[in-house]
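[1] no letters, just coordinates:
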Ligand code: HEC
Ligand code: HEC
């Protein structure tokens, strides 16, 4: 055999091996199902809902190198820390044994299959208004995720918050499903924006200040707070010209949702960075534009949020104390 032929064969084999290796690497990195809101496949639509609803940020322990959606992340609250459970389809430690109705009930009513009431750190108060088709698509997607055997970590809450019964009066006071279901919006784009921001994106969970009982203050919707999750300062995202996002254009907002860069050139950090990386940056241009239009149409509220890090003692008492 001529030397050139041998060389070509060796090169050919090399290229083939490289291609196989690259394929294996890509398969490891890419999720099994690609998110696509317009797909005929329920799991692909569900993968998109998972992005828009930011489920992965809480249910994946990114910092601890945990598996996708296998839980383990501790969310810090003024009353201690709450562990996000494993929502992979593992039958023993995840939600593999759940029916569609069990899943819908968890998101709509905040109740487990055995009737346990969930802590609202799981933002079902926002997800309650999710369309049933979207919940079922989400479940179809979760069923395709790699099952991971990982036992849920225990919550670390102080008394009386450690007692689930405490949640009943709280729910009675603040969990109004009718309020979560929306009034008619002026047009289709704003209605889509509202669904993405209020229901799926649950932006108010962080961007609205809370009263001393931990319920969002109604008159301050999206007006920001010094006492956000984990003690972070969360900016005012109403269109107030001086203290909010008044000066941002819709294009600035869309750029921010894709990249985490503000018009001032700041690179966003912390929980908002996760909300972008796990969710917002994967959404369609049309959806991001609808979100931007909706935010710009909110009532402007003047509320200057101090960026100074509050003292830990102050964090425990919320904005009213
Ligand atoms: C802000 C953090 C956060 C986000 C976002 C979040 N969850 Fe959770 N989730 C939790 C916490 C914390 C719990 C545990 C609540 C409890 O034990 O009372 C929970 C519980 C659950 C449960 C119950 C699991 C069980 O074993 O009983 C399911 C199912 C679930 N979440 C699904 C989802 C889905 C689907 C999404 C996205 C649509 C989502 N979660 C978004 C924090 C979050
Ligand atoms: C888990 C908490 C959390 C959630 C959920 C969240 N945010 Fe944020 N957001 C933050 C924090 C904290 C910052 C400030 C980050 C920083 O300054 O580095 C921020 C910053 C922002 C900013 C920049 C504002 C400014 O003046 O710099 C915008 C815009 C924003 N968020 C919009 C949204 C929208 C829209 C949603 C819902 C799709 C959302 N956020 C959901 C916590 C959150």
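    Yes, it's here. For clarity, every value in this text was computed on a predicted model and none was experimentally measured. Numbering: from 1, shown residues only. Ligands and ions are numbered 1, 2, ... in the order given.
[2] tell me what the helix or strand harbouring residue 56 is packed against?
    Per DSSP states H and E: residue 56 is located in helix 55-59. With contacts defined as 3 or more Cβ pairs under 8 Å, 6 or more residues apart in numbering; DSSP states H and E, the packing partners of helix 55-59 are helix 270-278. (Glycine included, C-beta is placed from N, CA and C.)
[3] next structured bit after the helix holding residue 56?
    As assigned by DSSP H and E, the chain's next helix or strand after helix 55-59 is strand 74-77.
[4] what residues does that following strand touch?
    Here strand 74-77 makes contact (Cβ atoms under 8 Å, 6 or more residues apart in numbering) with 58, 81-84, 121, 153, 156-157, 161, 214, 229-231.
[5] just how off-centre is the helix holding residue 56 within its chain?
    Chain-centre distance of helix 55-59: 6 Å, with Cα atoms, centre = their mean, to the nearest Å.
[6] do the same with stretch 152-170
    Averaging C-alpha positions (Cα atoms, centre = their mean) puts stretch 152-170 22 Å from its chain's average.
[7] for it, what does the pLDDT average out to?
    Confidence over stretch 152-170 (mean pLDDT, whole number) is 80.
[8] got it, and stretch 289-305?
    The model assigns stretch 289-305 a mean pLDDT of 97.
[9] gap between the two ends of it?
    By Cα to Cα, to the nearest Å, the extent of stretch 289-305 from end to end equals 26 Å.
[10] buried residues in that stretch?
    289-296, 298, 300-301, 303, 305 (16 or more other Cβ atoms under 10 Å).
[11] redo those residues as JSON lines? Include secondary structure.
    Below are the buried residues of stretch 289-305 laid out as JSON lines (DSSP: H, G, I helix; E, B strand; the rest coil):
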{"residue": "289", "secondary structure": "helix"}
{"residue": "290", "secondary structure": "helix"}
{"residue": "291", "secondary structure": "helix"}
{"residue": "292", "secondary structure": "helix"}
{"residue": "293", "secondary structure": "helix"}
{"residue": "294", "secondary structure": "helix"}
{"residue": "295", "secondary structure": "helix"}
{"residue": "296", "secondary structure": "helix"}
{"residue": "298", "secondary structure": "coil"}
{"residue": "300", "secondary structure": "coil"}
{"residue": "301", "secondary structure": "coil"}
{"residue": "303", "secondary structure": "coil"}
{"residue": "305", "secondary structure": "coil"}
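[12] and which of these is nearest to residue 271?
    Relative to residue 271, the closest of the buried residues of stretch 289-305 is residue 305; by Cβ to Cβ it sits at 14.7 Å.
[13] picking that back up, make a ChimeraX selection of the buried ones in the contacts of strand 74-77.
    To isolate the buried subset of these in ChimeraX, counting by 16+ other Cβ under 10 Å, use the following:
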select :58,81,82,83,84,121,153,157,161,214,229,231
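[14] how about the contacts of strand 74-77 in a markdown table, adding secondary structure and distance to residue 135?
    Below are the contacts of strand 74-77 laid out as a markdown table (DSSP: H, G, I helix; E, B strand; the rest coil; distance: Cβ to Cβ, whole Å):
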| residue | secondary structure | distance to residue 135 |
| --- | --- | --- |
| 58 | helix | 17 |
| 81 | strand | 27 |
| 82 | strand | 22 |
| 83 | strand | 23 |
| 84 | coil | 18 |
| 121 | coil | 19 |
| 153 | coil | 26 |
| 156 | strand | 30 |
| 157 | strand | 27 |
| 161 | coil | 28 |
| 214 | coil | 25 |
| 229 | helix | 24 |
| 230 | helix | 28 |
| 231 | helix | 32 |
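[15] the host helix or strand of residue 140 packs against which elements?
    Per DSSP H and E: residue 140 is located in helix 132-142. On a contact count with 3+ Cβ pairs under 8 Å, 6+ apart, helix 132-142 meets helix 42-52, helix 100-109.
[16] so of these, which one's packed in deepest?
    Ranked by mean neighbour count, the helices and strands packed on helix 132-142 are led by helix 42-52 with a mean of 23 (mean count of other Cβ atoms under 10 Å).
[17] now do the helix holding residue 140: distance to the chain's middle.
    On Cα atoms, centre = their mean, the centre of helix 132-142 falls 15 Å from the chain's centre.
[18] which residues does it contact?
    In contact with helix 132-142 (Cβ under 8 Å, 6+ apart) are residues 33, 42-47, 49-50, 53, 55, 69, 87-89, 95, 98, 100, 103-104, 107-108, 200.
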